[in-house]
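# The following comprises the amino acid sequence and a computationally predicted model.
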Amino acid sequence: MLRNPTAIIYSRVSTARQADDGLPIESQIEQGHKKAAMLGACHQRM
């Protein structure tokens, strides 16, 4: 039986500057969901 791959989306900010100017958590999560969909992977919110 073939299964869809599972995506684990791990997001974080490592510096205050990244939190302010870089990729905020919401953007990282959104990009992770888009990549998972592109790969045909399923994901779950935790």
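Arrived safely, thanks for sending. Residues are numbered from 1 along each chain as shown.
# For the lengthiest helix in the chain, buried residues please.
Criterion DSSP state H: the longest helix present in the chain is helix 25-39. Across helix 25-39, burial judged by 16 or more other CB atoms under 10 Å covers 28, 32, 36. All C-beta spots, glycine's among them, are computed from the backbone N, C-alpha and C.
# thought the first one was touching Ser11?
Yes - using CB atoms under 8 Å, Gln28 is in contact with Ser11, at 3.6 Å.
# what touches both of the two?
When CB atoms under 8 Å, 6 or more residues apart in numbering defines a contact, no residue borders Gln28 and Ser11 alike.
# so where's this protein uncertain?
Scanning the chain with the threshold set as pLDDT under 70 gives 1-2, 22-23, 45-46.
# I'd like to know how many residues surround Asp21.
Applying other CB atoms under 10 Å, we find 9 residues neighbouring Asp21.
# Roughly how far does it sit from Lys34?
22 Å (CB to CB, to the nearest Å).
# same deal with Ile9?
10 Å.
# Could you pull up the contacting residues of the most centrally placed residue in the chain?
Ranked by distance to the mean C-alpha position of the chain (CA atoms, centre = their mean), the top residue is Gly32 at 2.6 Å. The contact partners of Gly32, by CB under 8 Å, 6+ apart, come to 7, 9-11, 43.
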